[in-house]
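Asks: Kindly generate the corresponding structure for this input.
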Amino acid sequence: MSIENIHHAEHMAKSKQLANLKNPVLALIERILERGHAEHLFRGDVDPIDVHMIISSFCLFRVANRHTFRTLFDRDLTAPDRRAHYHGMIGDMVVDYLTATA
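Replies: Presented below is the predicted three-dimensional model:
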């Protein structure tokens with residue numbers, strides 16, 4: 001992704017297969033948001049792409065910065081014994097966003 005961004009996504013833009021990959025993910029997030037809103041659990045002004053971005057950015061950060069974080073803070077962001085902790089963190093962040101006052 002980082003290299004593709006450097007190239008302004010020119011290769012991705014040419015791919016017909018990639019266009020189809022985004023739809024199932026966004027459709028799933030949309031269904032979850034609609035159900036949560038219908039049950040008065042989530043606010044109604046949430047954009048599915050924003051939710052995808054929150055989750056993706058957290059996941060990408062852990063991988064892209066694993067070496068510098070390990071060097072600076074002596075923490076392995078990809079350590080198997082920390083996965084449950086990070087899953088809980090991202091879950092809490094997303095739920096807090098979905099339930100925050102608009």
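Asks: which sections of the protein are below the confidence cut-off?
Replies: Residue ranges of the chain with pLDDT under 70: 19, 21-22, 102.
Asks: any chance you could map the helices in it?
Replies: Counting by DSSP state H, the chain has helices at residues 2-6, 10-14, 16-38, 48-64, 66-73, 83-99.
Asks: export those to TSV and tack on mean neighbour count?
Replies: Backbone N, C-alpha and C define where each C-beta goes, glycine included. Conversion of those to TSV gives the following (neighbours: other Cβ atoms under 10 Å):
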stretch	mean neighbour count
helix 2-6	9
helix 10-14	10
helix 16-38	12
helix 48-64	14
helix 66-73	12
helix 83-99	12
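Asks: Just give me the residue closest to the centre of this protein.
Replies: residue 55 (1.7 Å; Cα atoms, centre = their mean).
Asks: how about it, what does it touch?
Replies: Residue 55 makes contact with 90, 94, according to Cβ atoms under 8 Å, 6 or more residues apart in numbering.
Asks: repeat for residue 96
Replies: So residue 96 contacts nothing (Cβ under 8 Å, 6+ apart).
Asks: Can you give me the end-to-end span of stretch 72-92?
Replies: One end of stretch 72-92 to the other measures 26 Å (Cα to Cα, to the nearest Å).
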